[in-house]
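Asks: Have a look at this prediction, sequence included:
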Amino acid sequence: MRSHTSDQSGGRPRSTVRRSLQALALLFAMLASTLTWTGAAQAHGTIINPASRAYQCWKTWGSQHTNPAMQQQDPMCWRAFQANPDTMWNWMSALRDGLAGQYQARTPDGQLCSNALSRNDTLNQPGAWKSTTVSRNFTVQLYDQASHGADYFRVYVTKQGFNPTTQRVGWGNLDLITTTGRYAPAQNISFNVSTSGRTGNHVLFVIWKASHMDQTYMWCSDINIV
């Protein structure tokens with residue numbers, strides 16, 4: 001019978017020790033990769049009030065994403081999580097590089113809420129997204145962990161008669177209501193908007209042009225104007 005040579009610490013075969021060390025090395029490599037990805041994902045921001053679709057899902061279900069109640073209580077978030085959990089976990093990094101201001105030309109109708117990112121396509125789906133109740137004049141709040149600042153924000157709202165439960169958002173569904181000026185780097189930025197003449201359920205669409213480089217973020221927030 002073939003014998004195994006034991007190490008000096010406790011008689012374990014060297015082949016077993018070697019396999020254990022290889023497994024540990026692989027585990028550390030995976031952890032390092034995860035930490036690097038997480039850091040990158042957290043280096044950006046989103047509209048937190050009225051909550052963007054991905055942020056609303058994370059805020060409500062991030063700590064209880066295995067709760068089966070999500071399917072009944074918040075079916076749009078449940079569908080998004082089933083399609084790609086990254087849509088919820090990576091709510092800070094819905095960005096595209098190098099658009100050079102060509103937002104409409106390079107963002108097809110029906111893909112605005114995902115910023116034309118295929119991994120987040122469920123955010124474009126019409127349905128019973130949870131909405132934030134607002135008045136006709138309200139404040140939009142951005143949270144930006146890395147304090148990039150803004151060249152500007154462009155804020156749109158859907159036209160009266162648009163139905164977010166049955167329609168994807170396209171450029172023809174929107175009216176531009178606000179274009180802001182520049183904002184210095186800060187984690188929290190807010191500005192006021194007016195949706196005069198509109199009531200009921202709408203989609204607020206925000207474009208954020210970050211100041212540090214040509215990075216563009218786009219989000220949809222569901223609102224109920226009262």
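Replies: Everything's here; your move. Residues are numbered from 1 along each chain as shown.

Asks: check contacts around Ala100.
Replies: Applying CB atoms under 8 Å, 6 or more residues apart in numbering, one finds that Ala100 lies in contact with Asp214. Glycine gets a C-beta too; all of them are placed from N, C-alpha and C.

Asks: same question, Asn120
Replies: Here Asn120 is in contact with 54, 80, 84, 86-87, 94, 113-114 (criterion: CB under 8 Å, 6+ apart).

Asks: Please apply the same query to Tyr217.
Replies: Tyr217 is in contact with 44-46, 94-95, 115, 207-208, 210, counting by CB under 8 Å, 6+ apart.

Asks: Find the helix or strand that it is a member of.
Replies: Using DSSP states H and E, Tyr217 sits within strand 215-225.

Asks: quick one on the thing from earlier: secondary structure added to the contacts of Asn120, as CSV?
Replies: CSV is the format used below for the contacts of Asn120 (DSSP: H, G, I helix; E, B strand; the rest coil):
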residue, secondary structure
Ala54, helix
Ala80, helix
Asn84, coil
Asp86, helix
Thr87, helix
Ala94, coil
Cys113, coil
Ser114, coil
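
Asks: Can I get the buried part of those as one ChimeraX selection?
Replies: In ChimeraX, this line selects whichever of those come out buried by 16 or more other CB atoms under 10 Å:
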select :54,80,86,87,94,113,114
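
Asks: now, among the contacts of Asn120, which is nearest to Val134?
Replies: Cys113 (18.0 Å; CB to CB).

Asks: Roughly how far does the closest one sit from Tyr156?
Replies: The gap separating Cys113 from Tyr156 is 12 Å, by CB to CB, to the nearest Å.

Asks: shared neighbours of these two, anything?
Replies: Common contacts of Cys113 and Tyr156, defined by CB under 8 Å, 6+ apart, comprise Phe205.

Asks: First-to-last residue distance for stretch 164-182?
Replies: 31 Å (CA to CA, to the nearest Å).

Asks: Next: stretch 69-77.
Replies: 11 Å.

Asks: Name the residues of it that come out as buried.
Replies: Neighbour counts over stretch 69-77 (16+ other CB under 10 Å) mark 70, 74, 76-77 as buried.

Asks: Now that stretch: average pLDDT?
Replies: On average, the pLDDT along stretch 69-77 is 97.

Asks: now swap in stretch 208-219 and tell me
Replies: 93.

Asks: which of the residues in it are buried?
Replies: 208-211, 215-219.

Asks: can you check stretch 111-129 too?
Replies: 111-117, 120-126, 129.
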